[in-house]
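Peer 1: only geometry, no sequence info:
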C-alpha cells in the first residue's frame, strides 16, 4: 500500500472516531485539521483508543469537567478566561489551573491558557508574593470560606461601562502559589514558544520578571537558611489546613502555626527554578539561566540531605522547624506522603534508585492499608483529632489519607517517565475503573473509592490527561519539537489530538503482532521539525530490525528503569514504521 493512501485512510479514521471532518486537499501530504471554534474543539480535539475499556471511557470525563468549570469575566488588564477547580469552587486557583493545562491545551484556545496567568500576575504583591485565587465579585461573597479575602481591583469595563470588582486571597499555609505560576507560564511557553509573551508588560514589569520576582519572594521570605529549604506551614502533605485551628483560620500562617521544611513545597521549587533556567536559556539569557540552575541544584541537594530516608525507601513528609508550637506531635517520619514523593520522582529530585523504591513503597502501602487505588495521600494518616479542622480531623478523609486522582495521576506519570510502564499502566487502569464506577471525576475518594468532595474536578482531568497522553501514549509536543515515546508495549492503541493554540495535530495507530514478532506504527503530524519515535519493547524481547516505509533504517536502544526502547529519528510526514523483535 502506498504511504500517502494508507496515511489518508488512517487520518480519516481518526477524524471519524473523534467526530471530526477533514477537508480534502493535497493527496500526498495529509491536510491539516480545519480551523474550529472553541466549542467544536472541546468535543473533537482529543481522542484515544486502547485495549482497556475503562481507560477508553476515562476520556469521556475530560471535556465535561473542563466545560463545567469554565470561567470568563472582565479583569483589570484583560478579559479573563480560565477554569475553576471543581463545581464547588467559583474562583480561579493558581495551582489547580497550572495542573489543568496538560489537557486544556487540547480543548481550548490560547486565551484560556494565558489570560488567567496574566491577571494573577497583575495582582502580585510588591514583595513578589502571589494569591491563591482570584474571582469576580465583592469580598463579602467569599468571606465565609476565606476570612482574609480582600478586593484587589475596582474599576469599570471600558467596553460596557459596568463596574468591575475582583477579589483574591492567599492560603498562606502553603508556599506553592509562586512555583505554580512559573509552571503554568513555562507550559504555555513550551506550547507557543512566544518570546513576546514572556516579555509582555504586566503593570510595568515583564511577565518573565514577575515570574522571577515570585521565586525570589520564596527565597527571601519563606526560606530556612539552616537547612537551605523553602518553608511552609505544617499541613497534610500538599494541603492547606494546619492542625491548630478548627475553623478557617487553619488556612493562614500566623504566630501560632507550626512551620516546616516540606518535601512537596521544595520539589515544586526545584521544578520551577529549573523551568526558569530553561526559559532564560532559550531566550539567550545565560547569566540568569545559570543563576536559577544553581538555585535548583541547591534545593535538590538539601532535599536529599535532610528528607530522604534510606532505611524506609522514601522521602519524609517534612522537618518540623518550630516544635514548641506543636507539643505532643506524633512522629510522622513513617508516613508516606503521596504528593511530595510523586513530584520528587516526577521532576527529578529523586535519582533513579530512589524513584524505584518510592514506587515500590507506594504499592506496598496501598496493599497494607487496603485502598482501592494507588492514590492514598498519607499512609498511614495522622491520627483522628490531630487536625482540629473537621475537614481533615478523621483518618482517610480529605487530605488526611483520602484518595486523590489529582496526585495519583502525577505519580503514575512519574512511573511511566522513570521506566516502570507496566506498573504505571496497571495502576492507571485501576484509577480509570474507579472513575468509571463513580461516573465522573471527583475531588477525592474515600478508602474504598467512593466519590467525595467537588464533582467535575478539573485538576484531576488535567493530571489524568497527562498520565494518558504523555505517560502511556508518549506524546511530547512543544513549539520547537515533537517526540513520541510510545509505552503501549504489547497493547494496541491509537490517538488523535489537535492543539488549538498552534493548530498542530498528531495521529498515530500502533499494534503488536506477537506471532509475527513485530511492532507497527502508522503516524503523521503537521509539525515541521525533525523528531524521534521510541517504541517500548515487549517484555523479554530485543530489537532486531527497523524499517521505515519498507526501507531499512538505523535505530538506537535505550533503557530507563525496567523499560527498554528502540528509537529512530523521523520527520512527521505520513509514515509506517515496523520494528521486528526477537526473544
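Peer 2: Sure, I can see it. The structure presented is a predicted model; accordingly, all values stated were derived computationally and were not measured.

Peer 1: where does pLDDT dip in the chain?
Peer 2: By pLDDT under 70, the weakly predicted segments of the chain are 1-44.

Peer 1: list the buried ones in the longest strand belonging to it?
Peer 2: In the chain, with assignment by DSSP state E, the single longest strand is strand 504-513. Going by neighbour count (16 or more other Cβ atoms under 10 Å), the buried part of strand 504-513 is 504-510, 512. C-betas here are computed from N, CA, C, even on glycine.

Peer 1: how big is the angle separating the next helix or strand after that strand from strand 504-513?
Peer 2: Note on strand 504-513: by DSSP states H and E, the next helix or strand toward the C-terminus is strand 518-525. Orientation note: strand 518-525 sits at an angle of 170 degrees relative to strand 504-513 (axes from the mean of the first three to the mean of the last three Cα atoms, to 10 degrees).

Peer 1: residue 342 - nearest residue in space that isn't next to it in sequence?
Peer 2: Spatially, and ignoring its direct neighbours in sequence, residue 342 is nearest to residue 411 (3.8 Å; Cβ to Cβ, 6 or more residues apart in numbering).

Peer 1: correct me, but the one you found touches residue 340?
Peer 2: No. Residue 411 is beyond contact range of residue 340, at 10.6 Å (criterion: Cβ atoms under 8 Å).

Peer 1: more neighbours, these two?
Peer 2: Neighbour count, other Cβ atoms under 10 Å: between residue 411 and residue 340, residue 340 has more, with 30 against 26.

Peer 1: sorry, back to before: what helices and strands are in contact with the longest strand of the chain?
Peer 2: helix 3-18, strand 475-477, strand 482-486, strand 493-499, strand 518-525 (3 or more Cβ pairs under 8 Å, 6 or more residues apart in numbering; DSSP states H and E).

Peer 1: what pairs with it, parallel or antiparallel?
Peer 2: strand 493-499 (antiparallel), strand 518-525 (antiparallel) (DSSP bridges).

Peer 1: how about residues contacting it?
Peer 2: Residues outside strand 504-513 that contact it (Cβ atoms under 8 Å, 6 or more residues apart in numbering) are 10-11, 13-14, 32-33, 475, 477, 482, 484, 486, 488-499, 518-527, 535, 538, 572.

Peer 1: repeat that for 6 Å
Peer 2: By Cβ atoms under 6 Å, 6 or more residues apart in numbering, the residues outside strand 504-513 that reach it are 10-11, 14, 33, 486, 488, 490, 492-494, 496-498, 519-523, 525-527.

Peer 1: what's the answer for stretch 295-311, then?
Peer 2: 227-229, 263, 266, 269-270, 273-274, 315-316, 319, 349.

Peer 1: just stretch 413-420 next, same as before
Peer 2: Residues outside stretch 413-420 that contact it (Cβ under 6 Å, 6+ apart): 342, 345-346, 355, 359, 423-424, 466-467, 471, 487, 560-563.

Peer 1: same deal with stretch 564-571?
Peer 2: Contacts for stretch 564-571 (Cβ under 6 Å, 6+ apart): 530, 532-537, 543, 546, 553, 555-558, 579.

Peer 1: what's the distance between residue 509 and residue 520?
Peer 2: 8 Å (Cβ to Cβ, to the nearest Å).

Peer 1: tally of neighbours for residue 195?
Peer 2: Considering only other Cβ under 10 Å, residue 195 is surrounded by 14 other residues.

Peer 1: residue 520 and residue 511: what is the separation?
Peer 2: 5 Å.

Peer 1: okay, now residue 503: neighbour count?
Peer 2: 13.

Peer 1: make residue 1 into 46 and carry on from there
Peer 2: Okay, using 46 as the starting number, the last item reads as residue 548.

Peer 1: picking that back up, now, the contacts of stretch 609-616 that are in helices?
Peer 2: Residues of those located in helices (DSSP state H): none.

Peer 1: can you list phi and psi of residue 465 for me?
Peer 2: Backbone geometry at residue 465, expressed as degrees, to the nearest 10, gives phi -130, psi 60.

Peer 1: what about residue 484, how many neighbours?
Peer 2: Neighbours around residue 484, by other Cβ under 10 Å: 12.

Peer 1: what helix or strand does the residue lying closest to residue 137 once chain neighbours are set aside sit in?
Peer 2: Spatial nearest neighbour of residue 137, excluding adjacent residues (Cβ to Cβ, 6+ apart): residue 127 at 4.6 Å. Taking DSSP H and E as the definition, one finds residue 127 inside strand 124-128.

Peer 1: contacts for that strand next, please.
Peer 2: Residues from elsewhere that reach strand 124-128 (Cβ under 6 Å, 6+ apart): 114, 116-118, 137, 142, 145, 156-157, 160-161, 164, 503.

Peer 1: next secondary structure element downstream of it?
Peer 2: Past strand 124-128, the next helix or strand by DSSP H and E is strand 137-138.

Peer 1: in its sheet, what does that following strand sit against?
Peer 2: strand 178-181 (antiparallel).

Peer 1: returning to that earlier point: got a ChimeraX select line for the buried ones in the contacts of strand 124-128?
Peer 2: Buried members of these, defined by 16+ other Cβ under 10 Å, are picked up in ChimeraX with:
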select :114,116,118,137,142,145,156,157,160,161,164,503
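
Peer 1: just the contacts of strand 124-128 now: which is nearest residue 204?
Peer 2: The nearest member of the contacts of strand 124-128 to residue 204, counting by Cβ to Cβ, is residue 118 at 12.9 Å.

Peer 1: isn't there a strand covering that closest one?
Peer 2: Yes. Counting by DSSP: H, G, I helix; E, B strand; the rest coil, residue 118 is part of a strand.

Peer 1: beta-bridge partners for it, please?
Peer 2: Counting by DSSP bridges, residue 118 is bridged to residue 125.

Peer 1: my guess is it meets residue 182, correct?
Peer 2: No. The pair residue 118 / residue 182 is not scored as a contact, 8.8 Å apart, by Cβ atoms under 6 Å.

Peer 1: burial count for residue 525?
Peer 2: Neighbours of residue 525 under the rule other Cβ under 10 Å: 9.

Peer 1: what about it, distance to residue 239?
Peer 2: Going from residue 525 to residue 239 by Cβ to Cβ gives 12 Å.

Peer 1: what's the answer for residue 215, then?
Peer 2: Using Cβ to Cβ, residue 215 is found at 28 Å from residue 239.

Peer 1: looking at the two, which is more packed in?
Peer 2: residue 215 (22 against 15).

Peer 1: the more buried one and residue 176 touch, don't they?
Peer 2: Yes. The criterion here is Cβ under 6 Å, and residue 215 meets it with residue 176 at 4.9 Å.

Peer 1: gap between the two ends of stretch 367-383?
Peer 2: Stretch 367-383 has an end-to-end distance of 24 Å (Cα to Cα, to the nearest Å).

Peer 1: can you give me the buried ones in it?
Peer 2: Buried, per 16+ other Cβ under 10 Å, within stretch 367-383: 370-371, 377, 380-383.

Peer 1: and the residue nearest to residue 140 when sequence neighbours are not counted, how many neighbours?
Peer 2: Excluding the flanking residues, the one nearest residue 140 by Cβ to Cβ, 6+ apart is residue 225, at 3.9 Å. Residue 225 has 25 neighbouring residues, counting by other Cβ under 10 Å.

Peer 1: which SS class is residue 225?
Peer 2: helix.

Peer 1: how close does it get to residue 184?
Peer 2: Counting by Cβ to Cβ - residue 225 and residue 184 are separated by 23 Å.
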